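> Sequence first, predicted coordinates after that:
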Amino acid sequence: MKHRMQLKSQLLLAFIAVMLVMSSCVSLKKVKYLQDVHDYKQGDTIVFRNESSPDYRVQPGDNLYVDVSSLDSKNLNPFEANQRVSYQNNSEMSVYLNSYMVSDSGFINFPVVGKIQVAGLTVSEVKTRLQTMVNDFFQLTTVTVKLVNFKISLLGEVVRPGTYLVYQENINILQAISMAGDLAPYANRSKIMIIRKSGRGSSVHTVNLLNTNIFKSPDYYLQPDDIVYVEPMNSKNYAFTAFPYAIIFSTVTTTLLILNFFK
């Protein structure tokens, strides 16, 4: 009788340990992205339209790197001195120092050409405008324009938090998360915060990665200096609190069961 009671007690402890371990696990439903995609038939092509433009529009305070190259080696021009510095040292700092800051009134002051209105244009539109104006002075030239201050920061429940440079003209929230090595297991995928700076201050936007509505969100595409904060699920604190006790419980109960078996 006494032996049976001991066995029941040990089994109860084992059950408690198992429940503690299971409660510290994250449900797959809280981890999978875009869960409502499975509502569509296999093989269907799904098109989600986003009304917001993916291309960022230049604003005052932005830094634009402009490279003017020529196919004609004899075509020396005032732009080349600046380009030689960049070719010799094409580090991020060098590119930044050789960039043109957009003034408060939305202009850049470019050699020979003079003041050019760029605020409100996409980077591609700035390139086209500059190319047209440079062609009035020099033939066989190619203009390249890059936005050098396009940085985003990812904080919280991501694998590699930090600040990342963006080299393409646009980036969406999913691409940004992949740059940071994906979200951590305890990330709250239903509440991703985007902190965005504007002329009026900072605003906070929230997006949900668990369903396909994210593709229609105006915040799907990120902007320069955006901060993406991923908060943890409430279960994270409980999991970290309960996990050591679960290990202790499981170790003790396993030991007791083994000892009881060999009695």
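Arrived safely.
> From here on, just use CA atoms for contacts and neighbour counts.
OK.
> For the chain, which segments count as strands?
63-70, 100-101, 107-110, 114-117, 141-147, 151-156, 162-165, 187-198, 201-207, 227-232 (DSSP state E).
> Give me the buried stretch members for the longest one, please.
Neighbour counts over strand 187-198 (16 or more other Cα atoms under 10 Å) mark 187, 188, 189, 190, 191, 192, 193, 194, 195, 196 as buried.
> Test my guess that residue 148 contacts residue 58.
No. The pair residue 148 / residue 58 is not scored as a contact, 11.3 Å apart, by Cα atoms under 8 Å.
> Residue 172 - how many residues pack around it?
Residue 172 has 14 neighbouring residues, counting by other Cα atoms under 10 Å.
> what sits against it?
Residues near residue 172 by Cα atoms under 8 Å, 6 or more residues apart in numbering: 220, 221, 222.
> my guess is the last one contacts residue 169, does it?
The one in question is residue 222. No. In this structure, residue 222 is not within contact of residue 169 by Cα under 8 Å, at 10.5 Å.
> The two: which is more packed in?
residue 222 (25 against 16).
> pLDDT weak spots in this protein?
Within the chain, the stretches with pLDDT under 70 are 1-31, 38-44, 51, 72-91, 235-263.
> where along it do the helices fall?
Ranges of helices in the chain, per DSSP state H, are 2-23, 80-88, 92-97, 123-135, 173-179, 234-261.
> got the buried residues for the third one?
Counting neighbours by 16+ other Cα under 10 Å, one finds that the buried residues in helix 92-97 are 95, 96.
> Please apply the same query to the fifth one.
Burial within helix 173-179, assessed by neighbour count using 16+ other Cα under 10 Å, is assigned to 173, 174, 176, 177, 179.
> and what of the fourth one?
By neighbour count on 16+ other Cα under 10 Å, the buried set for helix 123-135 is 123, 124, 126, 127, 129, 130, 131, 134.
> Give the bridge partners for residue 57, please.
Residue 57 has these beta-bridge partners by DSSP bridges: residue 122.
> Double-check it against residue 124; I have them as touching.
No. Between residue 57 and residue 124 there is no contact under Cα under 8 Å: 9.6 Å.
> domain assignment for the chain?
Domain assignment of the chain by automatic domain parsing yields the ranges 2-26+243-261, 29-53+150-232, 63-147.
> Residue 47 is nearest to which of the strands of the chain?
Among the strands of the chain, strand 201-207 comes nearest to residue 47, with 19.3 Å by Cα to Cα.
> between the contacts of residue 172, which is nearest residue 203?
Nearest to residue 203 among the contacts of residue 172, counting by Cα to Cα, is residue 222 at 13.2 Å.
> what's the closest of the buried residues of strand 187-198 to residue 111?
Residue 111 has its nearest neighbour among these in residue 196, at 33.2 Å by Cα to Cα.
> wait, doesn't the closest one sit right on residue 227?
Yes. Counting by Cα under 8 Å, residue 196 does reach residue 227; the two are 6.6 Å apart.
> gap between residue 200 and residue 60?
13 Å (Cα to Cα, to the nearest Å).
> more crowded one of these two?
Using other Cα under 10 Å as the criterion, residue 200 and residue 60 rank with residue 60 on top: 17 against 6.
> Contacts only, for that one.
By Cα under 8 Å, 6+ apart, residue 60 lies in contact with 101, 102, 103, 104, 105, 106, 107, 119.
> wouldn't the last one be in contact with residue 104 here?
This means residue 119. No. The criterion here is Cα under 8 Å, and residue 119 misses it with residue 104 at 9.2 Å.
> Could you check which of these two is surrounded by more residues?
residue 119 (21 against 12).
> Can you name the residues that contact that one?
The neighbours of residue 119, taking Cα under 8 Å, 6+ apart as the test, are 57, 58, 59, 60, 102, 106, 107.
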